[in-house]
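J.: Below are the sequence and a predicted model for it; my questions follow.
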Amino acid sequence: AENGAMTASEGKATKKAVVDLFIVPRHIADILQLDKDEVMAINAKTEERKGTGFLTKKECNAIIENYIDREELKDPKGKGKVLINGPICD
């Protein structure tokens, strides 16, 4: 059924949503040594996005947070601030 309408033959309603999707450029993923599976959206919630590299804002934030943690870039002097390292400066 279109527009989330339910039909008797389907037995359940469907929902459609419009979301912004993002792609991490390959050269950035390589320079920062980001997890390839995360960058390719291997664990995406929808089957249609799995392995495509199309990421939600939440997934992008998780990749960035993982990078900050792995590289120990949290600024001990300021909550919510990060230090910059070599690859980010290049």
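T.: That came through fine.

J.: And the pLDDT for residue 8?
T.: pLDDT recorded at residue 8 is 53.

J.: for residue 61, same thing?
T.: 96.

J.: so which strand or helix has it?
T.: Using DSSP states H and E, residue 61 maps to helix 57-70.

J.: tell me what that helix is packed against?
T.: Where contact means 3 or more Cβ pairs under 8 Å, 6 or more residues apart in numbering; DSSP states H and E, helix 57-70 is packed against helix 36-39. Yep, even glycine has a C-beta here, placed from its N, CA and C like the rest.

J.: For the protein, name the helix or strand with the lowest mean pLDDT.
T.: helix 86-89 (a mean of 71; mean pLDDT, DSSP states H and E).

J.: mind checking how far residue 18 is from residue 40?
T.: Remark: distance between residue 18 and residue 40 (Cβ to Cβ, to the nearest Å) = 22 Å.

J.: Among the two, which residue is more densely surrounded?
T.: residue 40 (19 against 4; other Cβ atoms under 10 Å).

J.: Give the burial count for residue 83, as a bare number.
T.: Neighbour tally, residue 83, other Cβ under 10 Å: 14.

J.: how far away is it from residue 35?
T.: Taken as Cβ to Cβ, the span from residue 83 to residue 35 is 21 Å.

J.: which residues does the nearest residue to residue 82 once chain neighbours are set aside contact?
T.: Take residue 82 and drop its neighbours on the chain: the residue closest to it by Cβ to Cβ, 6 or more residues apart in numbering is residue 73, 4.6 Å away. Listed by Cβ atoms under 8 Å, 6 or more residues apart in numbering, the contact set of residue 73 reads 67, 82-85.
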